[in-house]
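Peer 1: Pasting the sequence and the predicted model now:
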Amino acid sequence: MISRRLFLTGGAAATATALTYPLWGSALSPSASAAAATCELALENKSLPGRVNAYVTGHEQGTDRWVLLRADGSVYRPDSPAAPQTPLPVDCAIPLNAAGGAPVVVTLPQMYGARVYFVRDDTLDFYLNPGPPWSSRPSPRPRTRTTGAPGRSASSPSTRSSCTRTSATSTW
């Protein structure tokens, strides 16, 4: 068991070390630098047959607006729509090459809260709701397909949630 005296002297030493960190810590820490304006992300289909589309969404750094990347590399900033559940007016699908093909490299602007969605042999429909630009978050919904029984529908089996990410390369 630790004695009270040892506990108190150890706590005092830790407090003194913490209080003097600004003096000695700056000498040991590397200097901070600004983040790069862009970042490249390589998306690669390694094994899925058929057509695979990727969608990249997130918040734009500095403005907090929702953004989506387009296949041509441009950034789409949706405006607040007049009505709830308004379909996204542009196609933001980024088609990937066939299985085993070269990766598709997209350039990301400074953003946070980014998400990458993948869908096979289909597209995702995004819907917008009214509000300030930072709250009109696009929400993806997979299309539904009807099954053999009338009146029943099932979510599209084309979405896959598992993705192996290696550094800046997302692969299937």
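Peer 2: Done, it's in. Note that this is a predicted model, so its numbers are computed, not measured.

Peer 1: Compute the distance between Gln110 and Pro49, please.
Peer 2: The gap separating Gln110 from Pro49 is 36 Å, by Cβ to Cβ, to the nearest Å. Backbone N, C-alpha and C define where each C-beta goes, glycine included.

Peer 1: Which of these two has more residues huddled nearby?
Peer 2: Comparing Gln110 with Pro49 by other Cβ atoms under 10 Å, the one with more neighbours is Gln110, at 15 against 10.

Peer 1: Skipping its backbone neighbours, what lies nearest that one in space?
Peer 2: Sequence neighbours aside, Gln61 is the residue nearest to Gln110 in space, at 3.7 Å (criterion: Cβ to Cβ, 6 or more residues apart in numbering).

Peer 1: just Asn129 next, same as before
Peer 2: The spatial neighbour of Asn129 that comes closest, neighbours along the chain excluded (Cβ to Cβ, 6+ apart), is Pro84 at 5.0 Å.

Peer 1: now the helices for the protein?
Peer 2: Here the chain has its helices, by DSSP state H, at 4-19, 21-28.

Peer 1: avg pLDDT for the longest one?
Peer 2: Right, the one you point to is helix 4-19. Mean pLDDT, taken over the full extent of helix 4-19, equals 57.

Peer 1: Use 58 as the first number from now on
Peer 2: All set: I'll call the first residue 58, so the last point we hit is now helix 61-76.

Peer 1: Would you mind measuring from the closest residue to Pro138 other than its chain neighbours to Leu145?
Peer 2: Spatial nearest neighbour of Pro138, excluding adjacent residues (Cβ to Cβ, 6+ apart): Leu185 at 4.8 Å. Separation of Leu185 from Leu145 (Cβ to Cβ) stands at 6 Å.
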